[in-house]
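Asker: This is a predicted model, with the sequence first.
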Amino acid sequence: MRKFRQKYYDWFSHVYDQFIKMHSSNQQGTLKTHLAQKTEVEKGGKILDICTGTGGLLTYLDKQLKDDSLAVGVDFSSGMLSVAKEKIRNSKRLFLVQADVSKLPFKDQAFDTVTCAHAFYELKGKDQENCLREIIRTLKPGKPFLMMEHDIPEKPLIRLLFYIRMMSMGARKALEILINEKEMLSNYFKSVEKINTAGAKSKILICRP
Ligand SMILES: C[S@@+](CC[C@H](N)C(=O)[O-])C[C@H]1O[C@@H](n2cnc3c(N)ncnc32)[C@H](O)[C@@H]1O
């Protein structure tokens, strides 16, 4: 099943950036800038971006990095990572690692911030739970996990289409993360703050262990 999902994302990587452009015009830039500005990275510190995909967020994280700090993008799809590799080739502070986010190949307390943009609801079965445990394990004490997710559309027709799309992904768990995310995340983190991005139809959850 995992191999099948990896293959699906490998295929998707060929059209992913065009798909996102069509889906959200230039909103993605505003959203990702917003998320990147919420990171907390010290001199020499590290940011981890899970389910980094084609590295769309990494280039925005790069702007927040100072001195010898760095950011690592993790994804299990080699297709997605090869598109990301091209995008980050001019940066000395961005790195990519191919791994499953439910078993991260990093030491305990290695990161100052962990980010995840528009991807967490796509994790299947026990992967969400395992991934949250891995995020907590790899974060430095008190440092944030920043999760950006789609907000439920307000207009009835768009909301209906949104629900249909979610259900078509076989996604009762996906809906749970998109609707009751604060309650779900509170089972893992001591504090969970929700911020709605102005007019941008996404929300950011700031979670601290
Ligand atoms: C919606 S896409 C990428 C979103 C990306 N963060 C962005 O901002 O454009 C979701 C990504 O999650 C990755 N993914 C899904 N399950 C994964 C897992 N168990 N381990 C690692 N990556 C996974 C997929 O390969 C895909 O690249």
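Answerer: Noted; the coordinates are in hand. Fair warning: this is a prediction, and the values are worked out from it, not measured in the lab.
Asker: what ranges do the helices span in the chain?
Answerer: 2-12, 16-24, 27-37, 58-62, 78-87, 127-138, 156-168, 172-179, 181-186 (DSSP state H).
Asker: Dump the ones you listed into a markdown table; add distance to C116 and mean pLDDT as well.
Answerer: Glycine gets a C-beta too; all of them are placed from N, C-alpha and C. Below are those laid out as a markdown table (distance: least, CB to CB, whole Å; pLDDT from 0 to 100):
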| stretch | distance to C116 | mean pLDDT |
| --- | --- | --- |
| helix 2-12 | 15 | 91 |
| helix 16-24 | 16 | 78 |
| helix 27-37 | 9 | 86 |
| helix 58-62 | 12 | 96 |
| helix 78-87 | 14 | 98 |
| helix 127-138 | 8 | 96 |
| helix 156-168 | 17 | 72 |
| helix 172-179 | 11 | 67 |
| helix 181-186 | 11 | 88 |
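Asker: what comes up buried for stretch 34-50?
Answerer: Within stretch 34-50, the residues that count as buried by 16 or more other CB atoms under 10 Å are H34, L35, A36, T39, V41, G45, K46, I47, L48, D49, I50.
Asker: residue contacts, E134?
Answerer: Each residue near E134 by CB atoms under 8 Å, 6 or more residues apart in numbering is listed here: V101, S102, K103, L104.
Asker: Residue numbers of the chain in contact with the ligand?
Answerer: With the criterion set to CB under 6 Å from any ligand atom, the chain comes near the ligand through 9, 51-53, 56-57, 75-77, 80, 100-102, 117-119, 122-123, 127.
Asker: Which ones among those map onto strands?
Answerer: D75, A117 (DSSP state E).
Asker: List buried residues within the residues of the chain next to the ligand.
Answerer: Buried subset of the residues of the chain next to the ligand (neighbour count, 16+ other CB under 10 Å): 9, 51-53, 56-57, 75-77, 80, 100-102, 117-119, 122-123, 127.
Asker: F19: neighbouring residues, count only.
Answerer: F19: 11 surrounding residues under other CB atoms under 10 Å.
Asker: center of this protein - which residue?
Answerer: Centroid-nearest residue in the chain: C116, 1.8 Å away (criterion: CA atoms, centre = their mean).
Asker: Just list the residues touching the residue of the chain found nearest the ligand, thanks.
Answerer: Closest residue of the chain to the ligand, CB to the nearest ligand atom: G53 (2.7 Å). Counting by CB under 8 Å, 6+ apart, G53 makes contact with Y9, S13, Y16, D75, S77, M80, A84, A119.
Asker: Next one, pLDDT for it please.
Answerer: pLDDT, G53: 97.
Asker: For P153, see how far away it is.
Answerer: 22 Å (CB to CB, to the nearest Å).
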